[in-house]
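In: model the structure of this input:
(chains A and B)
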Amino acid sequence: MTFFLISSIILSGYVSLNTVELTTETHQSPKLTIPQWDKEIITIAEKLPIQSDGRIKPLSTHARFLLLKLSGKTSIKSPEGKSLSPTEWFLHCIFYPDIAKKYPVFIVHDLSVLENLGLQGHEKKRDRYTYNELLPAREELMNQAQKYSQIPPAQRTRIQEQVLNLADNLLTFEEIIAYLDFARYKYSIPPSSLLSQFFPNKKEPFLSEIIEIFPEFKKKLKEISPTLNEEQTKEILSTIRNLLGDVNQLVVKAEHFTVIPSDELSKKAWLSPLDIAIQIFDPSTENIPDIHLFMLFTKLEQEKGIPEQFKKLFTQLVEEITQKAEARGEGKKINLEVLYYKGKFLFYSQWIFFLAVILTAIWWLSIKNKVLKFSVFSVNTIALLLLIIAITFRCIIRGRPPVTTLYETILFTTATAVLLAFIMERFTRDNISLSLASFLGLLGLFLANRYEMKEGTDTMPSLVAVLDTNFWLTIHVTTIVIGYGAGLLASAFGHVWILGKILRLKKNDATFYKRLSRGIYGTICFCFFFSFIGTVLGGIWALQSWGRFWGWDPKENGALLIVLWCLIVIHAHLGKIINSLGITLGSIILGIVVSFSWWGVNLLGVGLHSYGFTRGAWNSLLIFWIIEILLIFSGTYINLIEKKQQT
Amino acid sequence: MKEIFRFLGSYKLSVVILFFLMVIVFLGTLAQTEHGIYEIQNKYFESVFVLHWLGNYIPLPLPGGGLLMVLLLLNLFIGGVLLAPKSIKKPGMLIAHGGAILLILGGFWGEFWGDYGQISLLEGETKNTFENTKNWEIYIWKLDKEKKIPITEWIIPQQHFSKLKGAMRRSFFSKEFPFEITLMRFMTNAKPRFTIPGVEQGIQGVLLEPAPSEREEELNLAGIYVEISANEQHHLGILWGGEKQPWTFEIGNELYSMGIRHQRMELPFSIKLEKFIKEFYPRTNKPRFFASEVVYATGNWEQRTVIRMNEPLRFQGFTVYQASWGTVNDSPSAPVFSVLAITKNPAEQVPLYSCIIISIGLLLHFSQKLIRFLKSSRGA
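Out: Have a look, this model is predicted:
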């Protein structure tokens, strides 16, 4: 009878969340010095497969985007001035929370956020703070965040938005540092209780020790339960109730990411180390679960001060988990993903494009030296290759076509524009296309890298059900994005035309401008072709998916606007309504339309297709449009003056 | 006459039409931040004329999307086909314009003759009708007095009452029922509320108020006032789309019910939802996959299949898609229902064919242009 009573409590322990605040002490690490792990441990840790946000990824990717979200950077400096990689930082957080609390990881964009919390900020308006610095205002921060979260997102002020972010970041950090609390937790056993018989020399055993003896404890309990009186039963119940209450909280804390592939193939969700261990408390089963991975985690925590031992255990852990994952056919691309981020292809590509821009400038100033032209070409080619390598890596890692997220549209649009510029150069040999390639490449990668920083979330997320079709993603999204690339290239040519006129370059070379506008017209036709096909294919996809060809959704309309504008320019040219100035201005407007369709409609925040919401992007977009409109006016004005002078 | 013909087929007209179309699409997109898609569609994209307000003060009259599409079709046909130079050597543009005409015609066809609707099914449930969520209908039931179940049903379709605004009333008689039905004040989206006693007049303390259109058309709940008169008897009632129970009244010792619901359309076969399958990415709320395992049947013949995203069921001219799903209430164990979209559109594949035709035309044209350009630049 008693045993069943206990069973039911144990069972209910899983369901009800105890609200007793845990008093796990995290100050027990033997030495509070900076952990000195050799590089090998970090390299091993980077490849640890984990499951988070619904996909299997290396720990390094998870750590990278977490650090990015918290700090806006992909590396941080410890107070001692040592630069830490994301994985290194993440390991510090897990194994040495008290040290991690002293690292300045929390980005605060505006001092007034801190002032409102009653904190003294640093001198700089925008700076990074440590957890310990923010801790005194934690309660106030959470209160404010609670209040602001009630306000609809569109109506929040910038400061309110930042308070919400900071609170969210703080909570995320607290999740990370509490991850291994289960390995640090000690339970004070009431003296002379049944459990204390198993620990004759210990008053506060670790959770792992209790778990180890628990099967025996269960057996013993079953034996003696008929002989127990009411008092004794009560005591045993309360001992276990207290323990399970604490364990429940530890379970929640260990859910930040899951790292142990389930033994059952049908179960897609991985488990945390504690998830497997608590199966031992399950009264309904006599089976003793395999808890050695849980034990490994516990040992790791307890022996973190001994580098050799730590390395041995860690290597064993990563190997076992990798094997377990591979046996399920998962995590095959972990190494590739680690390599992708280590390669920093996009980072280098951006700087090589930057080099190309500088070389281009020198090339034009030095009156077109042939050697310089060749070096501009080669440097651009290297940068483009790096970009293409990055895109290829992403395709292989995800098993998807090149474009499935807003971030990837930037990469692909840039690659398309640069590649098209190369092709145009091959045909026109006017040196302009080649020069534009450098600028477009730099601009595109700058945008991509900034976007990644600002969003601070994994750029290879799992896809929602509707998008889960490689066929349509390939033919619809890719064609649309090629259209974007061509439209932006046409617009870039247009800029050359207008800036050339304003700066009075090639004043006496009328054919130069005529040839240029022919190039613009050709690029607009190219843009039209891909945008049109892409748009109709999008409709056909929608028809296949949910039975309607066209729904006047903002993203569809955005694509339609590009098509309509290209058609207007093309027909106006054919009908001789516009001349080369008209085509040029048309290309500038095309740039505006493309930017509206690509970014603007996402910011409208309506519609099925709005896959990205980027705060603050409105301002950049508005500035871009104002500059473009000014360009249109000045181009028209200059042209008028020129005409007057001619007559 | 020739001049007019030339004008209708001119590049100038194309540019003007395309320009206004662009303006309409742009304004209609912006307006979607504040209004529901259905309202926008009617006002901007399918209308003859639009009165767009710039900042609430300046009215801007514009041609509507419907008118522009008709004009564009005319312009395309005259300019792109009739007046276009027809040469075997340069067939590209002719093909492309032909494809464009087909595309627009296909769109009109689907709009006017296609049937669209949806069906929600709980697991184990079978239906052989679907709901057209664009239209409403009023049903009148004669009830069995004992069992309170309908014996006979009469329907008044939406086109007979959709224009009843303001003081307009319309009465309906039939030999089959012994009373006169008068309908008035139809609202496409309405909200009932309690009246303020002594200030407002309602029906049994309730009145209907028009509400702004919902962002998603299916969420609109129509409402209408109704008066039943027979001899000296008068009953006033409110019919509202959100009301689950019909309004019941007694005439001449017989019991009748009335209500307003989405237009029901017959399917030539029945669909039974055997099982709804849904899967999320592990430990997230992100759907990875959802599908309906169904059995569809006519007479004694039946077939089992799975309808999933991007894989609809096509049968007897109808296409059945997995649209969405939901739960009956918020509890985690609540029964799940699957929402299937149903269309019957003979022109369904027209966009695909026209897209292929246009692509061929454009590819022919542009590659000829490119070759000519390359030849000329090599010559120069």
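
In: how many neighbours does the residue of the stretch 501-647 of chain A found nearest chain B have?
Out: As assessed by C-beta to the nearest C-beta, chain B sits closest to A:G575 within the stretch 501-647 of chain A, at 2.5 Å. All C-beta atoms are positioned from the backbone trio N, CA, C, and that covers glycine. For A:G575, the count of nearby residues is 15 (other C-beta atoms under 10 Å in any protein chain shown).

In: ok, and the closest non-adjacent residue to it?
Out: Leaving aside its sequence neighbours, A:G575 sits nearest to B:Y11 (C-beta to C-beta, 6 or more residues apart in numbering or on different chains; 2.5 Å).

In: how about the contacts made by the one you found?
Out: A:571-572, A:574-577, B:79 (C-beta atoms under 8 Å, 6 or more residues apart in numbering or on different chains).

In: quick one: low-confidence parts of the stretch 51-200 of chain B?
Out: For the stretch 51-200 of chain B, no stretch has pLDDT under 70.

In: residues from it in reach of chain A?
Out: B:103, B:107, B:110, B:116 (C-beta under 8 Å from any C-beta of the partner chain).

In: how close does whichever residue of the stretch 201-350 of chain A sits closest to chain B get to B:V295?
Out: Chain B sits closest to A:A269 of the stretch 201-350 of chain A, with a gap of 3.7 Å, by C-beta to the nearest C-beta. Here the criterion is C-beta to C-beta, to the nearest Å. By it, A:A269 lies 31 Å from B:V295.

In: and A:I589, by the same measure?
Out: Distance, A:I589 to B:V295, by C-beta to C-beta: 55 Å.

In: between these two, tell me which one has more neighbours.
Out: Just comparing A:I589 and B:V295: by other C-beta under 10 Å the higher neighbour count belongs to A:I589, 18 against 14.

In: what pLDDT does the model give the more buried one?
Out: Per-residue confidence (pLDDT) for A:I589: 97.

In: how about the most centrally placed residue in chain B, secondary structure?
Out: Nearest residue to the geometric centre of chain B (C-alpha atoms, centre = their mean): B:K134, 4.5 Å. Following DSSP: H, G, I helix; E, B strand; the rest coil, B:K134 is assigned to strand.

In: ok, it touching B:Y116?
Out: Yes: in terms of C-beta atoms under 8 Å, B:K134 counts as a neighbour of B:Y116; the distance is 6.9 Å.

In: now the residue nearest to A:G575: how far from B:V23?
Out: B:Y11 is 19 Å from B:V23, by C-beta to C-beta.

In: what count of nearby residues applies to residue 223?
Out: Just so you know, I chose chain A. Residues near A:E223, counting by other C-beta under 10 Å: 10.

In: you answered for a different chain; I wanted chain B.
Out: B:G223: 25 surrounding residues under other C-beta under 10 Å.

In: so who does the closest residue to it other than its chain neighbours touch?
Out: Distances taken as C-beta to C-beta, 6+ apart put B:A190 closest to B:G223, at 3.0 Å, once the chain neighbours are dropped. By C-beta under 8 Å, 6+ apart, B:A190 lies in contact with B:208-211, B:221-223, B:240-241.

In: residue contacts, A:W625?
Out: So A:W625 contacts A:592, A:595 (C-beta under 8 Å, 6+ apart).

In: figure out the helix or strand that B:R288 lives in.
Out: When elements are assigned from DSSP states H and E, B:R288 belongs to strand B:287-298.

In: who does that strand touch, helix- and strand-wise?
Out: Packing contacts for strand B:287-298, counted by 3 or more C-beta pairs under 8 Å, 6 or more residues apart in numbering or on different chains; DSSP states H and E, involve strand B:254-280, strand B:301-308, strand B:313-315, strand B:318-327, strand B:336-344.

In: and chain A, is the helix or strand that the last one is followed by touching that?
Out: For strand B:336-344, the succeeding helix or strand toward the C-terminus, using DSSP H and E, is helix B:350-379. Yes: for a cut-off given as C-beta under 8 Å from any C-beta, helix B:350-379 has contacts with chain A, namely B:351-352, B:354-355, B:358-359, B:362-363, B:366, B:369, B:373-374, B:377.

In: filter those residues down to the buried ones, ChimeraX style.
Out: ChimeraX command restricting the residues of helix B:350-379 next to chain A to the buried ones, with burial defined by 16 or more other C-beta atoms under 10 Å in any protein chain shown:
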select /B:351,352,354,355,358,359,362,366
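
In: dump the residues of helix B:350-379 next to chain A to TSV, plus pLDDT.
Out: Below are the residues of helix B:350-379 next to chain A laid out as TSV (pLDDT from 0 to 100):
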residue	pLDDT
B:P351	90
B:L352	91
B:S354	94
B:C355	93
B:I358	95
B:S359	95
B:L362	95
B:L363	95
B:F366	90
B:K369	86
B:F373	79
B:L374	79
B:S377	70
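
In: looking at the residues of helix B:350-379 next to chain A, spot the one nearest chain A.
Out: Among the residues of helix B:350-379 next to chain A, B:C355 lies closest to chain A (C-beta to the nearest C-beta), at 4.3 Å.

In: surely the closest one meets B:L103?
Out: Yes: using C-beta under 8 Å, B:C355 is in contact with B:L103, at 7.4 Å.

In: inside strands: which ones of the contacts of B:A190?
Out: Using DSSP state E, the subset of the contacts of B:A190 located in strands is B:208-210, B:223, B:240.
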